[in-house]
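K.L.:
Predicted model and sequence below, questions to follow.
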Amino acid sequence: MEQAFYITTPIYYVNASPHIGHAYTTIVADVLARYHRAQGYRTFFVTGTDEHGDKIAEAAQKAGVTPQAYADRISAQFRALWPELSVTNDYFIRTTDADHVRTVQRILQKVYDAGDIYFGSYEGYYCVGCERFYMEKELVDGKCPDHQTAPEYRKESNYFFRMSKYQDWLLGHIQAHPEFIRPERYRNEALAFLREPLEDLCISRPKSRLTWGITLPFDADYVTYVWFDALINYVTALGYPDSARFGEFWPVAQHLIAKDILKPHGIYWPTMLKAAGIEPYRNLNVHGYWNVDASKMSKSLGNVVKPLDLKDKYGLDPFRYFLLRDMVFGLDSNFSEEAFVQRINADLANDLGNLVSRTLTMATKFLPGQAPAVTDAAAEAAPLPETARRILSEVEADFAELGLHKALMAIWEFINVANKYIVENEPWTLAKEPERRGRLEAVLYNVLEALRVIAVLIAPFMPSTAAKILSQLGIEGGTLNFDSIRRWGGLPAGSRLTRGEALFPRVEFKKEDAPMSETKEEAIPVKPEIAYEDFARIDLRVATILQAETVPKSNKLVRLKIDLGEERQIVAGIAKDYLPETLVGKKIVVVANLKPTKLMGVESRGMLLATDTPDGLTLIGFDRDPKTGAPVR
């Protein structure tokens, strides 16, 4: 039976034009869709735009147009961008589509009839930017944690979804299905939300202050809260509830989002689905931010990077490659145009481009313009066939874990092995010795076959480059199915070989043209040197964690009572990565002579040491059991 794969991006809010963050999410989804098609999966890939709510009405008013006209204009920008970036979505949904309006109203009525929507009054802090109410404990210094603006205090009568009713179910579901939210750091963040009582969710807005939304089916004086509208797009696109497409693809649904919308997707959406009698999605896959100058991209900060500017300047496939190679899925990464150029020159021009150019140059010069017939290619190819099989296995494992940067690293290992094979076997020398003609043909065949394998492996990431390589190998419209590279020797004898233009011309970077941040996560700059005496002033100690509890009103901070020869308290921002109960008894490294400070009003006397991994923070520990209070040297 054919397997199915369903991948969605968030539907992008049309209050601003698309930027590199939107491009990254959608290109990741495209790579995953292309990969699963190449593996023989029936694949459905959905993206689109979210078009209702306060912010759209406000933006339209400022632009002097109707909300519909404004949404039409910005939505068209997103729709037009994806073909420019070789995105192969199967469906583009808009929340103003008539079928989506019907689906939202159908689900609202179903949940209302079941008694899980009720009318009540609410007062609290409302952020227009987030379009939701905040509890006071969620605010940071009285401001919205995302927008850094003071919310309005509002009192309204509205409809509420009994989200609290499903808290225990959701907690149990996440604990029983560890892969439900990934990477692990975001699963822990969702569990941190659920350690506090869930409030019921306000899901309406009175038309007296907002008309731009979907009218509630059971009260024409109210429109639907934008999240209760937007999230339902994922089932609308499949023809919920009766279509065969819904039955085939929903059980394997994979959502792809950035970390700022974890709570709506990881908390609101599963409980909404449960209330509507729909099974939850399979996986929520959460990635980090692309930062510029260490800040999240923002129109107000003027640091938005436009994807078409980069694509037009450097080429589409290099742009796709850079985004996927330089971000570890789940972690933040800093955008740097200089780092982008370095990737083009080193990885693409020097490694891949050079391999293709030198191979086709020798093949067209030393062979009669076609691939030779070689029967003992595998015997002559060591280590190419064995390496190719291993790399294919690694790439498949990396895709399963969303390690797209690791998949590219594995492919580049094979590219380097192929380059080394050419150097070691010296086809230019073999060509001067007629009696070694058979070996020359075997060596060149093996490298040509390596190019075919590489083309299939890179096709999800760089489809145009893969097509160019296959074309030069005489494989027009060649199959990109991964099964075609499981056996060495798939390049047909007699394939017409042609030498094309350089795939990736080297690029000169002019620093004055690129005021962007010049650092990236993979290459953290070395800090200035210090004297030993300066370092010796830092008192690092072994500490044992005695007690751990979350700090009230914080989703990040944990209060720790530690023993480092004396008892003291420290506060650490590790709640998203560690449950308090799992910390007790751990031995950690602590800066013991740090000046005391207060975090969220709680005193902290010291600092623990940790580092980032693809799965979240990990505490610095020991491979043997040290004495509590011992100095760390």
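P.N.:
Thanks, I have it.
K.L.:
Every contact and neighbour count from this point should use C-alpha atoms.
P.N.:
Will do.
K.L.:
where along the stretch 101-250 of the chain do the helices fall?
P.N.:
Along the stretch 101-250 of the chain, the stretches classed as helices by DSSP state H, counting those that start in this stretch are 167-176, 184-194, 226-230, 233-236, 244-249.
K.L.:
roughly how far is the shortest one from the heart of the chain?
P.N.:
Averaging C-alpha coordinates over helix 233-236 and over its chain gives two centres that are 21 Å apart (C-alpha atoms, centre = their mean, to the nearest Å).
K.L.:
Dump that helix to CSV, keeping only the CA atoms.
P.N.:
In CSV, the C-alpha atoms belonging to helix 233-236 read as follows (Å, rounded to 0.1, in the frame of the first residue of the first chain):
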residue,chain,number,x,y,z
ASN,A,233,-7.4,25.6,7.8
TYR,A,234,-5.4,22.3,8.2
VAL,A,235,-8.6,20.2,8.0
THR,A,236,-10.4,22.5,5.6
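K.L.:
ok, and the closest non-adjacent residue to Pro372?
P.N.:
Computed as C-alpha to C-alpha, 6 or more residues apart in numbering, the closest residue to Pro372 that is not its neighbour in sequence is Ala493, at 5.3 Å.
K.L.:
Please apply the same query to Ile107.
P.N.:
Ala276 (6.4 Å).
K.L.:
and that neighbour, what pLDDT?
P.N.:
As summarised for this prediction, Ala276 has a pLDDT of 98.
K.L.:
Verify the stated contact: it with Val111.
P.N.:
Yes. Counting by C-alpha atoms under 8 Å, Val111 is a contact partner of Ala276 at 5.7 Å.
K.L.:
for the chain, what helix or strand is lowest in average pLDDT?
P.N.:
Using mean pLDDT, DSSP states H and E, the weakest-scoring helix or strand in the chain turns out to be helix 377-381, at a mean of 58.
K.L.:
any chance you could read off phi and psi for the residue nearest to Ile107?
P.N.:
Dihedral angles of Ala276 (phi, psi; degrees, to the nearest 10) stand at phi -90, psi 0.
K.L.:
How about the contacts made by it?
P.N.:
Taking C-alpha atoms under 8 Å, 6 or more residues apart in numbering as the contact definition, Ala276 lies against Ile107, Lys110, Val111.
K.L.:
now do Ala258
P.N.:
Ala258 sits next to Thr25, Val286, His287, Gly288, Tyr289 when contact means C-alpha under 8 Å, 6+ apart.
K.L.:
repeat that with 7 Å
P.N.:
Under the criterion of C-alpha atoms under 7 Å, 6 or more residues apart in numbering, the contact partners of Ala258 comprise Val286, His287, Gly288, Tyr289.
K.L.:
Between the residues you listed, which sits nearest Ile7?
P.N.:
Nearest to Ile7 among those is Val286, at 12.9 Å by C-alpha to C-alpha.
K.L.:
Look up how far Ile391 lies from that closest one.
P.N.:
Val286 is 26 Å from Ile391, where distance means C-alpha to C-alpha, to the nearest Å.
K.L.:
If you count surrounding residues, which of the two has more?
P.N.:
For Val286 and Ile391, the more surrounded residue by other C-alpha atoms under 10 Å is Val286, and the numbers stand at 26 against 20.
K.L.:
Is it correct that the more buried one is in contact with Lys259?
P.N.:
Yes. With contact defined as C-alpha atoms under 7 Å, Val286 reaches Lys259; the gap is 5.6 Å.
K.L.:
Mutual contacts of those two, please.
P.N.:
With C-alpha under 7 Å, 6+ apart as the test, Val286 and Lys259 reach no residue in common.
K.L.:
one step back: select, out of the helices of the stretch 101-250 of the chain, the one closest to Leu352.
P.N.:
Among the helices of the stretch 101-250 of the chain, helix 184-194 comes nearest to Leu352, with 33.8 Å by C-alpha to C-alpha.
K.L.:
Surely Asn188 touches Asp577?
P.N.:
Yes. When contacts are counted by C-alpha under 7 Å, Asn188 is listed as touching Asp577 (5.4 Å).
K.L.:
Grab the nearest non-local neighbour of Thr224.
P.N.:
Taking C-alpha to C-alpha, 6+ apart, and ignoring the residues beside it in sequence, Thr224 has Ser204 as its nearest neighbour in space, at 4.6 Å.
K.L.:
Actually, Leu560.
P.N.:
Closest residue to Leu560 apart from its sequence neighbours, by C-alpha to C-alpha, 6+ apart: Ala548 at 4.6 Å.
K.L.:
So what does that neighbour have for phi and psi?
P.N.:
According to degrees, to the nearest 10, Ala548 has phi -150, psi 140.
K.L.:
For this structure, identify the residue most remote from the centre.
P.N.:
Glu435 (54.2 Å; C-alpha atoms, centre = their mean).
K.L.:
mind checking the SS state of it?
P.N.:
On the three-state scheme (DSSP: H, G, I helix; E, B strand; the rest coil), Glu435 is labelled helix.
K.L.:
pLDDT score assigned to it?
P.N.:
Looking at Glu435, its pLDDT reads 93.
K.L.:
Ser336 too?
P.N.:
Predicted confidence (pLDDT) for Ser336: 86.
K.L.:
Count the residues that sit near it.
P.N.:
A total of 20 residues lie near Ser336 under the criterion other C-alpha under 10 Å.
K.L.:
try Phe119
P.N.:
Residues near Phe119, counting by other C-alpha under 10 Å, number 12.
K.L.:
what sits against it?
P.N.:
Contact analysis of Phe119 by C-alpha under 7 Å, 6+ apart lists Asn158, Tyr159, Phe160.
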